[in-house]
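Participant: sequence first, predicted coordinates after that:
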Amino acid sequence: MQTHLASVLLAPVLLTVTAALAVPAVAQQRHNSRAPIDFGADHIELQDKANRAVLVGNVAVRQAEMTLNAARMTVAYTGQVIGGNPQVSRLDASGSVVVRRPDQTARSQYAIYDLNRRVITMLGGVSLTQGGNTVNGGRLTINMDTGRAVIDGSAVAGGGNNGSAAPDGTTRTNGRVTGTFSVPDRN
C-alpha cells in the first residue's frame, strides 16, 4: 500500500505545478473543490498508518484556479482510495501562508483547508487584498462555494491580537479589523 500510495501522491509532482497566473479580476465564481490537487515541495514524508503526508519547504499547491503556498503542510486523507487516488480531506499549512484566487490574495501564518466543508480558515496576522482594498485581522474564513470572506479581529473568539504586527508592518491592537478601501477617481 505504501509504495502504491507514494506513486499516487508523487505522480502530481511530475506534472508541472505552475505559479499563480496573473488573471484579471473577475466576478467571484464557485471554486471546484473536486478538482485534482497538484503539489510540489522540497521534501515529502508519507505517513500511511496515520493517513497523512507532510510536505516541507517551498510548498506549492494548486486546485483549479486557487494556489496555496506555505513553508510546511500536512495533507490528511481518509484512507479510502477511489480510482487509484487517496481521498484528501484536509490541508493544514503553516509558515508564511499565501492563498491566491483570481480576484484576491490572502496571507497569514496558518491555514486550514477543510475540503469536506469547502472552507479555508486562516489565522495569525491575516491580510486580505482584493484590487486596491486591503483588510487586516486575526482570522479569515473563506467559503469556497460562495466566495464569501469574513475577517475577524482576533484569531480566537474573545481574544485580542495584543499589538501583533500585520504583514504590512502596521500594528493592530485589541482584536480590531483594520484596512484601506480604494476610492475610484471621480471627475
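Facilitator: Okay, I see it.
Participant: mind listing what's buried along stretch 103-119?
Facilitator: By 16 or more other C-beta atoms under 10 Å, the buried positions in stretch 103-119 come out as 103-104, 106-115, 118. Bear in mind the C-beta positions are built from the backbone N, C-alpha and C, glycine included.
Participant: among those residues, show me the least confident.
Facilitator: Least confident by pLDDT among those: that is D103, with 85.
Participant: what about that one, distance to G83?
Facilitator: 32 Å (C-beta to C-beta, to the nearest Å).
Participant: so where's this structure shaky on pLDDT?
Facilitator: Residue ranges of the chain with pLDDT under 70: 1-29, 155-174.
Participant: quick check: F181 touching Q130?
Facilitator: No - with contact defined as C-beta atoms under 8 Å, F181 does not reach Q130; the gap is 10.1 Å.
Participant: measure T121 to Y113 for me?
Facilitator: Remark: distance between T121 and Y113 (C-beta to C-beta) = 8 Å.
Participant: now swap in V61 and tell me
Facilitator: Counting by C-beta to C-beta - V61 and Y113 are separated by 8 Å.
Participant: what do those two both touch?
Facilitator: Counting by C-beta atoms under 8 Å, 6 or more residues apart in numbering, the contacts common to V61 and Y113 are L68, L91.
Participant: how many residues are close by the nearest residue to N133 once chain neighbours are set aside?
Facilitator: Leaving aside its chain neighbours, N133 sits nearest to F181 (5.1 Å; criterion: C-beta to C-beta, 6 or more residues apart in numbering). Counted with other C-beta atoms under 10 Å, residues neighbouring F181 total 9.
Participant: quick one, phi psi at F181?
Facilitator: phi -110, psi 130 (degrees, to the nearest 10).
Participant: likewise for D48?
Facilitator: phi -60, psi -40.
Participant: where's it relative to A41, distance?
Facilitator: 18 Å.
Participant: so those two - more neighbours on which side?
Facilitator: Per other C-beta under 10 Å, whichever of D48 and A41 has more neighbours is A41, with 21 against 17.
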